[in-house]
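Student: Any chance you could fold what I've pasted below:
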Amino acid sequence: MEELSWAAGLFAGVIVSAALINRFRPNHRARVRRLVLTYALYAVSLACAHVFAELDRPTWAANVAVAAEVLQAFTLIAIAATVIFTVGLPSLGIELPAIASDLIVGIGMIAATLVIFSRHGMNAGAALASGAVVSAVLAISLQSTLGNILGGVALQLDGSIKQGDWIQLENGKQGKVRAVHWRHTVVETRDFSTMIVPNAQLLGSTITILGKRDGNLAPQRMWVYFNVDFRYAPSRVVQVVQDGVRAAPIENVAPDPLPSVVCMDLATRDNMRDAFATYAVRYWLIDLATDDPTSSRVRARIYTSLARAGIPLSLPPHLAVEADDRAEKATPRELERRLATLKTVHLFKTLKDDELRVIAAGVDRVSYSINEVITRQGAVAHWLYVLAAGSVEVRARLDPDGPGGVPEQAVKLATLDAPSFFGEMGLMTGEPRLADVIALNDVDCFRLGKDTFKQVLMGRPEIMDELSEMLAERRIELIAARDGLATATKQERTASERARILTGIKSFFGL
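Tutor: Numbers count the residues shown, from 1 in each chain. The predicted structure is shown next:
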C-alpha cells in the first residue's frame, strides 16, 4: 500500500509540474517529457518487481525493487528541481544556468543512489571506486567531449556568454546565442542559419560580445559610407548630411549618442579620373537583429539630404558634367510631368496653362525619406510644396519649442496623399508655419518659391481674390481640426480670414 501511495503521489506531482510549466514556462516543455519518462520507468520497475514476486523469483524481485526505489528517488528529485529551478526561481527573477541546475540534480541523484544502496546492504564505497575507474577511462578516451562539457560549465557559471547575447566569432560571423548546452553553444545568425559552436572553441578564442558595455545593454556603433567628389567642400557635406540624419528620428537608431558624420579619406585614383572624398555616418544601432534594414534607412536619409542641397553622390567626371547639365535645365519631358501634377492641385485650378508653365519651369524637385520633417511649426520659409508622390502627415505640436514629429507632444491634423499641396501660407503671406509636416514614406515634392509665383500674380492680379478664398477655407479647416471649432464659428472666421489673407498677399508681394 505504501508503494501505491508513493506512486499516486508522484503521479500527482508530475501532473502539477507539467501544469506549472505549461502555464508559466511553456518553452521548457522538454523537461516535462524527461519527467514523464523517469516516472514511467519507475512505474514499470515497480510493476515488474510485483510480477517477479508473484512468480516466486525473490532475487529478481528484490533487485528490481531496488531499481524502482532509485527511480522513485530520481522522480522525486526531478519534480522538486522542476518546481524550484524551472518555475520558482525564475518567478523571483533568479535565472540559474541550465548546466548549474543539471549539476545540482545530478549530484542529488548520485547521493540518493548511494543512500539507497547502503540501506539495502550494498557497498557504496565499492560503487564509488568502480565509478572513479570508469570515469578515468572515459576521461582519457573522451578528452575532446569532456573539454566541451567543462567549457559549457565554465561559460554558464561565470556568465561571460548568456542566452540572448549577440556575439562575433574570430572568423567574423555574428549571431545571437540561443542556448548554452553541455557540449556546444547554439548561435542563430541573421540569415536564419544556426551555428553549433563547440564550447571548447569559445573558451579558446576571442569572442566579441556586441551591444554590451559594463555588463549592460548598449547600442552598437555602425558605419554607413558614401562618396562625394572634390567639387564640394567637406565641411558643407558633413553639415548637410549631419543635419539630415539628426533632423528627425530614424527607426532603430539610438537618439543618444546622436548620429554623426565624418570625412574618412580624400581618395585619388587613376590620375584624377576617380577623385572623391569618402564620408561615413556613424550611428548607434538599438536592435542588432535588423542592422541591414536600419543602414538602408540611414542611406535613404543621406541621399535625400544631399539631393535637397544639390550635392550629388560621386560620379565619373564625364557623367558628372552630364548630370549637372540636366540639373540646370529641366527636360521637356520633366516639364510636362510637372505641368500635369500642377493641374491636379486644387489651389491652381483657376490658373491658365501659360501661368502653370511659368510655375512648372520655376519649381525645384525635392525628395524626403520616411519620418523626415518637411516643414516645421513656427519656421519662416517662403515655399509652397506640391506633393507629387507619397504621403505626409500634418501635426500641430502643443509645445512649439519641443521636437517635431513626437506623437505625445503633437496632435494629428490631417494626412495628405499625392497629389496635394501644403505650406501655402508661407508662400502667399510669409507667415510662420502653422504645423509640422512629416513624410510617412518616400516623398517627392515640387517646391515653389516666392519669386516664381510673383511673376504669375504680376501678370494677373485678380487671381488673388480666388486664392485668398481657398486659402481661408483650408486654414480654418486646419484650425478647426486642432481647436475643435463649431460650424457657425468656422463660417464667421472664414470670412474674416479671407480678408486678412488677401491683405497679407498684397502686402507680401508688394501689389
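Student: where does the protein have low pLDDT?
Tutor: In the predicted model, the chain carries pLDDT under 70 at residues 1-2, 96-100, 122-159, 267-274, 316-330, 399-409, 481-492, 511.
Student: what's the single longest helix in it?
Tutor: The residue-count maximum for a helix in the chain (DSSP state H) belongs to helix 29-54.
Student: Could you give me the buried positions within the next helix or strand after that helix?
Tutor: For helix 29-54, the following helix or strand on the C-terminal side (DSSP states H and E) is helix 58-81. By neighbour count on 16 or more other C-beta atoms under 10 Å, the buried set for helix 58-81 is 61, 64-79, 81. All C-beta atoms are positioned from the backbone trio N, CA, C, and that covers glycine.
Student: Could you chop the protein up by domain?
Tutor: The record's domain parsing of the chain by automatic domain parsing lists 2-141, 159-216, 219-326, 330-509.
Student: wouldn't residue 425 be in contact with residue 475 here?
Tutor: Yes: contact criterion C-beta atoms under 8 Å: residue 425 and residue 475 qualify, at 6.6 Å.
Student: list residues touching both of these two?
Tutor: Between them, residue 425 and residue 475 share these contacting residues under C-beta atoms under 8 Å, 6 or more residues apart in numbering: 434, 501.
Student: by how many degrees do the longest helix of the chain and helix 58-81 diverge?
Tutor: Helix 29-54 and helix 58-81 are oriented at 160 degrees to each other (axes from the mean of the first three to the mean of the last three C-alpha atoms, to 10 degrees).
Student: in helix 29-54, what counts as buried?
Tutor: Buried residues in helix 29-54, counted by 16+ other C-beta under 10 Å: 31-32, 35-36, 38-39, 41-43, 45-46, 48-49, 52.
Student: Please apply the same query to stretch 362-373.
Tutor: Neighbour counts over stretch 362-373 (16+ other C-beta under 10 Å) mark 362, 363, 365, 366, 367, 368, 369, 370, 371, 372, 373 as buried.
Student: Would you agree the last one is in contact with residue 246?
Tutor: Which is residue 373. No: shown here, residue 373 and residue 246 do not form a contact pair, counting by C-beta under 8 Å, at 10.8 Å.
Student: which residues in the stretch 301-450 of the chain form helices?
Tutor: Applying DSSP state H, counting those that start in this stretch to the stretch 301-450 of the chain gives helices spanning 317-328, 332-343, 353-362, 424-428, 450-459.
Student: Return the most buried member of the ones you listed.
Tutor: Stretch with highest mean neighbour count among the helices of the stretch 301-450 of the chain: helix 424-428 (a mean of 23; mean count of other C-beta atoms under 10 Å).
Student: What is that helix packed up against?
Tutor: On a contact count with 3 or more C-beta pairs under 8 Å, 6 or more residues apart in numbering; DSSP states H and E, helix 424-428 meets strand 383-389, helix 463-483, helix 487-509.
Student: before we move on, the earlier item: of all the helices of the stretch 301-450 of the chain, which lies closest to residue 417?
Tutor: Proximity to residue 417 (C-beta to C-beta) singles out helix 332-343 among the helices of the stretch 301-450 of the chain, at 13.2 Å.
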